[in-house]
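1. Predicted model, plus sequence, below.
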Amino acid sequence: MNKTLIASIILILGALSVIIFTSSDVSSYGTFGQAELTGERMKVVGQLSKDKDMIYDPVEDPNQFTFYMKDNEGREEKVVLLQAKPQDFELSEQLVLTGNMQEDTFIASDMLMKCPSKYNDEEIYIRSESGVK
């Protein structure tokens, strides 16, 4: 067989395996209610409930962070993130959690945070008041 044909077949098989591997982790977007009904892995978008307790003890378990979040329908649930607490977590504007409901708790394996832009007018104003440039 021709070397370019063999290389092409290997390249195509490699691309197919990457597509199959990445498509296995595709989760749909939903709410806590939908995650509870389906019991399936789902992405839930919401905002941190800043008035509720956040529990992170790196000595006891560095890969478990507990907090509360309200989804886009206003339903508030306890969340256990199976990762360390992210830096500047309290400043996040929006969270996207990937996980599933187990009883009355959302167990999240992944999280994306939308944080305020450092170019936001209000943030620039606060920085200029403190004398930091």
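-> Right, received. Where do you want to start? Numbers count the residues shown, from 1 in each chain.

2. So for the protein, the centremost residue is which one?
-> Met111 (1.5 Å; Cα atoms, centre = their mean).

3. I'd like the average pLDDT over stretch 69-77.
-> Taken as a whole, stretch 69-77 carries a mean pLDDT of 94.

4. Pull out the buried positions in it.
-> Buried residues in stretch 69-77, counted by 16 or more other Cβ atoms under 10 Å: Met69, Lys70, Asp71, Glu77. Bear in mind the C-beta positions are built from the backbone N, C-alpha and C, glycine included.

5. Please apply the same query to stretch 95-112.
-> Leu95, Leu97, Thr98, Gly99, Asn100, Met101, Phe106, Ile107, Ala108, Met111.

6. start to end distance for that stretch?
-> With Cα to Cα, to the nearest Å as the measure, stretch 95-112 spans 6 Å from end to end.

7. mind exporting stretch 7-22 as PDB, just the C-alpha atoms?
-> The C-alpha trace of stretch 7-22 is given here as PDB (Å, rounded to 0.1, in the frame of the first residue of the first chain):
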ATOM      1  CA  ALA A   7      -1.100   7.800   6.800                       C
ATOM      2  CA  SER A   8      -4.500   9.100   5.700                       C
ATOM      3  CA  ILE A   9      -6.300   6.100   7.200                       C
ATOM      4  CA  ILE A  10      -4.400   6.500  10.500                       C
ATOM      5  CA  LEU A  11      -5.300  10.200  10.500                       C
ATOM      6  CA  ILE A  12      -9.000   9.500   9.800                       C
ATOM      7  CA  LEU A  13      -9.100   6.800  12.600                       C
ATOM      8  CA  GLY A  14      -7.500   9.200  15.000                       C
ATOM      9  CA  ALA A  15      -9.900  12.000  14.200                       C
ATOM     10  CA  LEU A  16     -12.900   9.600  14.600                       C
ATOM     11  CA  SER A  17     -11.600   8.400  18.000                       C
ATOM     12  CA  VAL A  18     -11.200  12.000  19.200                       C
ATOM     13  CA  ILE A  19     -14.800  12.800  18.100                       C
ATOM     14  CA  ILE A  20     -16.200   9.700  19.800                       C
ATOM     15  CA  PHE A  21     -14.200  10.400  23.000                       C
ATOM     16  CA  THR A  22     -15.300  14.000  23.300                       C
END
